[in-house]
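Compute the structure for the input listed below.
(one chain, ligands or ions: 1)
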Amino acid sequence: MSEVQATTTMEKIVSLAKRRGFIFQSSEIYGGLNSCWDYGPLGVELKNNVKRAWWRKVVQERDDMVGLDASILMHPRVWEASGHVAGFTDPLVDCKVCKQRFRADHIEGDRCPACGGELTEARQFNLMFKTFMGPVEDSAAVVFMRPETAQGIFVNFNNVLTTTRMKLPFGVAQIGKSFRNEITPGNFTFRTREFEQMEIEYFVKPGTDEEIHRQWIEQRFQWYIDLGISKERLRLREHAKDELAHYAKGCYDIEYYFPMGWSELEGIANRTDFDLKRHAEYSGQRLDYFDQESNEHYVPYVIEPSAGADRGTLAFLLDAYHEEPDKDEVRVVLKLHRALAPYKVAILPLSKKEPLVNMAKGIEKELRKYWMVDYDDSKAIGRRYRRQDEIGTPYCVTVDFQSLEDQAVTVRDRDTMEQERVPVAELSKYLWEKLAW
Ligand code: GAP
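Next comes the predicted model:
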């Protein structure tokens with residue numbers, strides 16, 4: 001088997017992300033805030049497109065799924081019931097010499113990986129962020145910032161069931177921020193303390209859970225491939241029994257070959273009936289399902305495909321990165337899937353003067369009805385193509401002097417660099433066909 005290789009280094013992606021406006025360090029003018037990142041004009045488009053592609057696949061295209069947007073702050077009892085107050089911890093060790101902190105399960109041996117110094121005994125550190133609700137900062141006012149979006153779905157189980165009359169098997173999807181006070185955040189947006197999750201809780205009849213778990217694993221794996229991630233840099237990894245979260249009967253991770261090696265992109269767990277049963281116990285409410293076919297009540301099992309929007313966005317960025325020889329130079333091109341590209345089309349007039357500008361602006365206005373469009377009239381055309389390649393724009397539309405006469409433009413394909421002359425009257429239709437997904 002050939003050795004898997006990352007497309008590029010993290011340094012190159014961090015640099016491109018900053019230079020082109022994908023991702024900036026948070027609070028940069030104050031020196032930055034460790035592990036917090038801001039999505040710039042192109043980054044917000046890319047991440048929104050990742051979320052949109054996910055939503056379309058798992059909600060819009062299915063008749064067994066609905067969406068939800070629950071609040072970040074929830075009743076503190078939620079986290080007692082879910083087991084997060086007692087068990088959402090990582091083992092923490094401190095170096096007695098250089099004072100750095102590490103996750104005990106992330107280091108090999110019993111010495112500090114930074115300076116070789118002696119380490120303290122491991123102690124359990126709860127990862128949930130706490131804050132206070134209302135003006136009084138006492139223990140009765142403590143609330144947690146959710147560490148997973150999942151619980152918002154479990155506590156709304158009855159609400160969704162009664163308002164939608166969904167029948168098993170069915171699922172609820174949610175996209176939203178989660179917070180974890182990670183001991184060792186890092187690797188750019190891979191592990192941060194504030195991040196966005198795209199989670200599904202799929203409720204099934206007990207006994208059908210293992211088969212449906214397998215189906216979700218397959219479908220979620222294929223989603224990344226369909227959106228352009230290369231198969232060689234994706235793999236499935238089954239969790240060992242001692243690695244499983246407290247609620248899980250089984251779990252598979254979809255891993256991507258990041259520059260730092262194979263790392264989790266998405267986890268797909270069989271959460272059994274753990275959460276619904278615990279919330280029923282802690283709330284005193286009945287959280288079960290009446291099966292009209294078998295005339296019985298039972299608590300559904302749950303299959304949970306849980307993806308990170310930030311990690312996904314990072315993987316799509318990394319995988320799209322290509323450096324290609326171009327004459328004496330190197331062409332950097334982001335071969336992002338058309339569904340994900342921040343701008344779908346760039347309009348590049350060959351002159352800044354009338355009447356060419358008038359024509360180019362008219363085309364821009366028309367195309368903006370359907371897509372995010374960039375307009376660039378600065379510098380030489382070659383440099384403008386380069387810039388669009390580097391930000392992943394699939395099509396460049398060049399308006400030249402001939403356009404004034406033949407009412408046609410040149411459309412350049414990012415990946416093949418082939419150019420085609422297209423009548424302006426047919427341009428929208430032409431691009432619709434090219435950009436459909
Ligand atoms: N509800 C299950 C759950 O939260 P998880 O494996 O802890 O499972 C799911 O998280 C996904 O959320 C991960 O696969 C990853 O993509 C993302 N994620 C988790 N912690 C993260 C962090 N600190 N920074 C960025 N993304 C994170």
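
Run through the neighbouring helices and strands of the longest helix belonging to the chain.
With DSSP state H setting the assignment, residue counts place helix 209-226 as the longest helix in the chain. In this structure, helix 209-226 makes packing contacts with strand 194-204, strand 234-238, strand 250-258, strand 261-272, strand 301-308, judged by 3 or more Cβ pairs under 8 Å, 6 or more residues apart in numbering; DSSP states H and E. Placement of C-beta: from N, CA and C, glycine included.

Point out the most buried one among those strands.
Per residue and on average, the most neighbours among these fall to strand 301-308, with a mean of 25 (mean count of other Cβ atoms under 10 Å).

contacting residues around that strand?
The set of residues external to strand 301-308 that reach it, using Cβ atoms under 8 Å, 6 or more residues apart in numbering, is 54, 58, 148, 150, 195-206, 208-209, 212-213, 216, 220, 265-276.

do that again at 7 Å, thanks
Contacts of strand 301-308 from elsewhere in the structure, counted by Cβ atoms under 7 Å, 6 or more residues apart in numbering, are 54, 150, 195, 197-204, 206, 209, 212-213, 216, 220, 265-273, 275.

which among those are in contact with the ligand?
Filtering the contacts of strand 301-308 for proximity to the ligand (criterion: Cβ under 6 Å from any ligand atom) leaves A150, F195, Q197, E199, L265, E266, G267.

Just flag the most distant two among these.
When Cβ to Cβ is used, the two most widely separated members of those are A150 and L265, lying 17.3 Å apart.

Show me which residues of the chain sit near the ligand.
For the chain, the residues found near the ligand under the criterion Cβ under 6 Å from any ligand atom are 148, 150, 180, 182, 191-192, 195, 197, 199, 264-267, 304, 306-308, 310-311.

which residues of the protein score low on pLDDT?
1-2 (pLDDT under 70).

if you skip the residues just before and after it, what's nearest to the residue nearest the centre of it?
In the chain, the centroid-proximal residue (Cα atoms, centre = their mean) is A309; its distance is 1.6 Å. Closest residue in space to A309, ignoring its immediate chain neighbours: E196 at 3.9 Å, by Cβ to Cβ, 6 or more residues apart in numbering.

Name the nearest of the ones next to the ligand among the contacts of strand 301-308 relative to Q285.
For these, the closest approach to Q285 (Cβ to Cβ) belongs to A150, at 17.8 Å.

gap between the closest one and E243?
Counting by Cβ to Cβ, to the nearest Å, the gap from A150 to E243 is 18 Å.

In this protein, which residue sits closest to the ligand?
Among the residues of the chain, G308 lies closest to the ligand, at 2.3 Å counting by Cβ to the nearest ligand atom.

what about the closest residue to F203 other than its chain neighbours, distance to S82?
By the measure of Cβ to Cβ, 6+ apart, the closest residue to F203 outside its immediate chain neighbours is P300, 4.0 Å from it. Going from P300 to S82 by Cβ to Cβ gives 17 Å.

same deal with E405?
In terms of Cβ to Cβ, E405 sits 68 Å off from S82.

and the two? which has more neighbours close in?
Neighbours were tallied for E405 and for S82 using other Cβ atoms under 10 Å; the higher tally belongs to S82 (26 against 8).

what's near enough to touch the more buried one?
Listed by Cβ under 7 Å, 6+ apart, the contact set of S82 reads Q151, D275, R278.

redo that, cut-off 10 Å
Residues in contact with S82 (Cβ atoms under 10 Å, 6 or more residues apart in numbering) are 74, 88, 146-148, 150-151, 154-155, 246-247, 274-275, 278-279, 282.

same check, this time on Y343
For Y343, the contacting residues are 41-42, 45, 371-376, 388, 391-396, taking Cβ under 10 Å, 6+ apart as the criterion.

which SS class is it?
Reducing the assignment at Y343 to three states with DSSP: H, G, I helix; E, B strand; the rest coil gives coil.

List phi and psi for it.
Backbone torsions for Y343, taken as degrees, to the nearest 10, come to phi -100, psi 140.

residue ranges of the helices in the stretch 51-200 of the chain, please?
Per DSSP state H, counting those that start in this stretch, the stretch 51-200 of the chain carries helices over the ranges 76-81, 84-87, 150-154, 157-164.

Now do the shortest one: distance to the chain's middle.
Going back to what we said before, that points to helix 84-87. Mean-position distance between helix 84-87 and its chain equals 26 Å (Cα atoms, centre = their mean, to the nearest Å).

okay, it in PDB with CA atoms only?
This file holds the C-alpha atoms of helix 84-87, laid out as PDB (Å, rounded to 0.1, in the frame of the first residue of the first chain):
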ATOM      1  CA  HIS A  84     -21.200  15.600  31.700                       C
ATOM      2  CA  VAL A  85     -21.000  17.000  35.200                       C
ATOM      3  CA  ALA A  86     -19.600  13.800  36.600                       C
ATOM      4  CA  GLY A  87     -17.800  12.400  33.600                       C
END
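
List the buried residues of that helix.
Neighbour-count burial for helix 84-87 flags H84, V85 (criterion: 16 or more other Cβ atoms under 10 Å).

Which other helices and strands does that helix contact?
For helix 84-87, the contact count by 3 or more Cβ pairs under 10 Å, 6 or more residues apart in numbering; DSSP states H and E identifies helix 76-81, strand 123-126 as packing neighbours.

So which residues make contact with the first one?
Counting by Cβ under 10 Å, 6+ apart, helix 76-81 makes contact with 75, 84-86, 88, 126, 128, 130, 133, 139-144, 146-147, 151-152, 154-155, 275, 277-283, all of which sit outside it.

Please flag which of these sit within strands.
The strands, defined by DSSP state E, take in N126, K130, V142, V143, F144 from the contacts of helix 76-81.

contacting residues for the residue nearest to the second one when sequence neighbours are not counted?
Spatially, and ignoring its direct neighbours in sequence, K130 is nearest to V142 (5.4 Å; Cβ to Cβ, 6+ apart). Residues near V142 by Cβ under 10 Å, 6+ apart: P76, K130, T131, F132, M133.
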